[in-house]
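Trainee: Okay, sequence plus prediction incoming.
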Amino acid sequence: MITDFLVIGSGVAGLRAAIELAPHGNVIVATKDIPTESSTEYAQGGVAVALSDEDEVGIHFEDTIKAGDGLCREEAVRVLVEEGPRRIYELIEWGAEFDKEGAKLSFTMEAAHSRRRILHAHGDSTGKEMERVLLNKVKSFKSVRKLPFCTVLDLIVEDGNCKGAYVLEDGETFSIYAKATVLATGGAGQVFSRTTNPAVATGDGIAIAYRAGAVLEDMEFVQFHPTALFAPSAPHFLLSEAMRGEGAILRSILREPFMKNYHQAGELAPRDVVSRAIVSEMVRTESNHVYLDLTHLKAEFIKKRFPRIYATCLQYDIDITRDLIPVSPAAHYMIGGVKTNLNGATNIPGLYAAGEAACTGVHGANRLASNSLLEGLVYGFRAGLAASRHSTEPQKGTADAEKEPAQRIVSNSPGFRAFGLLDLDEIRTALRRLMWERVGIIRCGESLGEARERLAEWRPLMGMDFDTRKGLELKNMLTTAFLITEAALERKGSVGAHYRSDFPEKGVDRQRHITISRQEAGESILSGSLQRRREI
Ligand code: SIN
């Protein structure tokens, strides 16, 4: 198949990029599930933007820099906060209905924001509303074709340039050639056994970019959300930070409020502080959860403000207007990713990245709550614009051209047969548990070393060719887990979302970014705090 532009992923960043590309040629949006199945669809709290009367872009800038704990790229943050309002007004013009108070937009509070600046829609379904509007806008372009249930195997790299991707659809593998490719595959929460992310978040973009030779950055920074539902048989459903913004209180299982013992901002302390405080309380009280308490708020307000959370918890017999909600932290957001410049360009010509799969440096070591939907809009737009200007040789056809069999043959190597006998589900479960227990909220050299050893046993799977979505996802999860673990071992200090109990101080390398890339010889190079070669 030949097209002008290939976008991989259909969340906010991918769709925003596709909209920018659409007037410039044929665009394929490839997505491994239905187009709405992305983290965007599930985003509750909202989108941070300096639009309220009491706010200024300069204050949004300062809050973002402060949360990033010394590692934000200032120019990337400036772009985010300055271009954010324009991208939001554009979305409103396209039909987005954010909640209002009278005629004015309504803004809520979240942790580490010094102003009420979080826009929300239908109470707690902000991402769903944004996805609806972006998908409608995409539909208005005849030049955009969506390819659902299409899993990417690898990127096509010829003479150092990205020329598209090898994909798997209905058990068939084929090539999609494109002048420029935008990776917007989202995050990697599924690498951990407790996560707020949907099942599709398996680090695909990060892993395929790494295999293609892209530079990855800040992979040690995984953000854990403090409050995911903790109930037998319930999913790790997110309980939005906006609940604490509206006054919800965290209590230990002894019903005692505890956040003021850990941080003067109490419930609105930075997210990493709250997650670690919850872990400490769970250890102190020998329990596996704490409680989130909204019962002092008016029931009608709760139902109106958090309708989706109210309805979901009720399915598990928890009435959030009357009951304490059992919660514990869960992996939530991949701060690191494919390193890009301010226009989404990676080190591989023709390859762009945006959204959670990318690392623009906007979030530094710790993402300010609700900055990610804004990042998806601003940097999806920028990546789309830059990709539209990237021209290689003229393409011969259109997105409707015949499928061409992939030249990359999916092999049935002896290694594949050996592991093929193993239960991939079993390895997936063991991997997720390993990452949660050894590379989770609190890490140390010993736990990370154990993770490294275990990952080394699965290393053959990282280099194996699979021809099923399940196999490909496992390979990508293993690769992403390897990258997170290596970067976490490398950073001997505690900064932002990365906390090492053996190095609780920030350390001398606090302001260095750790980058990892794979070299042609099959080695990976870690750089930043230390130059080192390591074989994988
Ligand atoms: C939330 O609603 O708590 C999530 C917001 C975010 O992760 O930015």
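Mentor: Ah, there it is. Numbers count the residues shown, from 1 in each chain.

Trainee: quick one: Leu455 and the ligand, what's the gap?
Mentor: Leu455 sits 27 Å away from the ligand, taking CB to the nearest ligand atom, to the nearest Å as the criterion. For every residue, glycine as well, the C-beta is placed using N, CA and C.

Trainee: likewise Gly127?
Mentor: If you measure Gly127 against the ligand using CB to the nearest ligand atom, the figure is 9 Å.

Trainee: Now do that residue, the pLDDT please.
Mentor: Gly127 is assigned a pLDDT of 96 by the prediction.

Trainee: Asn197 now?
Mentor: According to the per-residue confidence, Asn197 scores 96 in pLDDT.

Trainee: give the contact list for the closest residue to it other than its chain neighbours.
Mentor: The shortest distance from Asn197 to any non-neighbouring residue, by CB to CB, 6 or more residues apart in numbering, is to Gly189 (2.9 Å). Neighbour list for Gly189: Ser39, Thr195, Thr196, Asn197, Ala201, Ala330, Ala331, His332, Tyr333, Met334 [criterion: CB atoms under 8 Å, 6 or more residues apart in numbering].

Trainee: Any figure for the gap between Gly189 and Met282?
Mentor: 20 Å (CB to CB, to the nearest Å).

Trainee: on that earlier part again, can you report phi and psi for the residue nearest to Asn197?
Mentor: Dihedral pair for Gly189: phi -60, psi -30, per degrees, to the nearest 10.

Trainee: Next: Ile176.
Mentor: Note on Ile176: backbone dihedrals following degrees, to the nearest 10 are phi -120, psi 110.

Trainee: wait, isn't it in contact with Lys163?
Mentor: No. Contact between Ile176 and Lys163 fails when scored by CB atoms under 8 Å: they sit 9.4 Å apart.

Trainee: who's more crowded, these two?
Mentor: The residue with more neighbours, out of Ile176 and Lys163, is Ile176; 27 against 22, by other CB atoms under 10 Å.

Trainee: Report the beta-bridge partners for that one.
Mentor: Ala165 (DSSP bridges).

Trainee: give the contact list for it.
Mentor: Shown here is Ile176, whose contacts under the criterion CB under 8 Å, 6+ apart are Met1, Ile2, Thr3, Leu6, Ile28, Ala30, Gly164, Ala165, Tyr166, Val167.

Trainee: Which of the three states applies to the fifth one?
Mentor: Three-state assignment for Ile28 (DSSP: H, G, I helix; E, B strand; the rest coil): strand.

Trainee: The residue lying closest to it once chain neighbours are set aside - how many residues pack around it?
Mentor: Excluding its sequence neighbours, the residue lying closest to Ile28 (CB to CB, 6+ apart) is Thr3, at 4.8 Å. Burial of Thr3, expressed as a neighbour count using other CB under 10 Å, amounts to 26.

Trainee: What score does Thr3 have for pLDDT?
Mentor: The score at Thr3 is 97. That number is its pLDDT.

Trainee: right, and it touches Tyr177 too?
Mentor: Yes. Between Thr3 and Tyr177 a contact is recorded at 7.2 Å, counting by CB under 8 Å.

Trainee: Return, as residue ranges, the portions of the chain with sub-threshold pLDDT.
Mentor: In the prediction, the chain carries residues with pLDDT under 70 at positions 392-422, 520-536.

Trainee: So which residues on it come close to the ligand?
Mentor: Proximity of the chain to the ligand, by CB under 6 Å from any ligand atom, involves residues Gln44, Gly45, Ser240, Glu241, Ala242, His332, Tyr333, Ala369, Ser370, Ser372.

Trainee: May I see these organised as a markdown table, with distance to Ser52, neighbour count and secondary structure added?
Mentor: A markdown table is the format used below for these (distance: CB to CB, whole Å; neighbours: other CB atoms under 10 Å; DSSP: H, G, I helix; E, B strand; the rest coil):
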| residue | distance to Ser52 | neighbour count | secondary structure |
| --- | --- | --- | --- |
| Gln44 | 20 | 24 | coil |
| Gly45 | 16 | 27 | coil |
| Ser240 | 19 | 29 | coil |
| Glu241 | 18 | 29 | helix |
| Ala242 | 15 | 25 | helix |
| His332 | 25 | 29 | strand |
| Tyr333 | 24 | 27 | strand |
| Ala369 | 16 | 29 | coil |
| Ser370 | 13 | 27 | coil |
| Ser372 | 19 | 29 | helix |
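
Trainee: and the next element down the chain from the helix or strand hosting Ala277?
Mentor: Following DSSP states H and E, one finds Ala277 within helix 271-284. Using DSSP H and E, the helix or strand that directly follows helix 271-284 along the chain is strand 290-293.

Trainee: Residues in contact with the next helix or strand after that following strand: which ones?
Mentor: On the C-terminal side of strand 290-293, the nearest following helix or strand under DSSP H and E is helix 299-305. By CB under 8 Å, 6+ apart, the list of residues contacting helix 299-305 from outside reads Gly123, Asp124, Ala242, Glu246, Leu294, Tyr310, Ile320, Thr321, Arg322.
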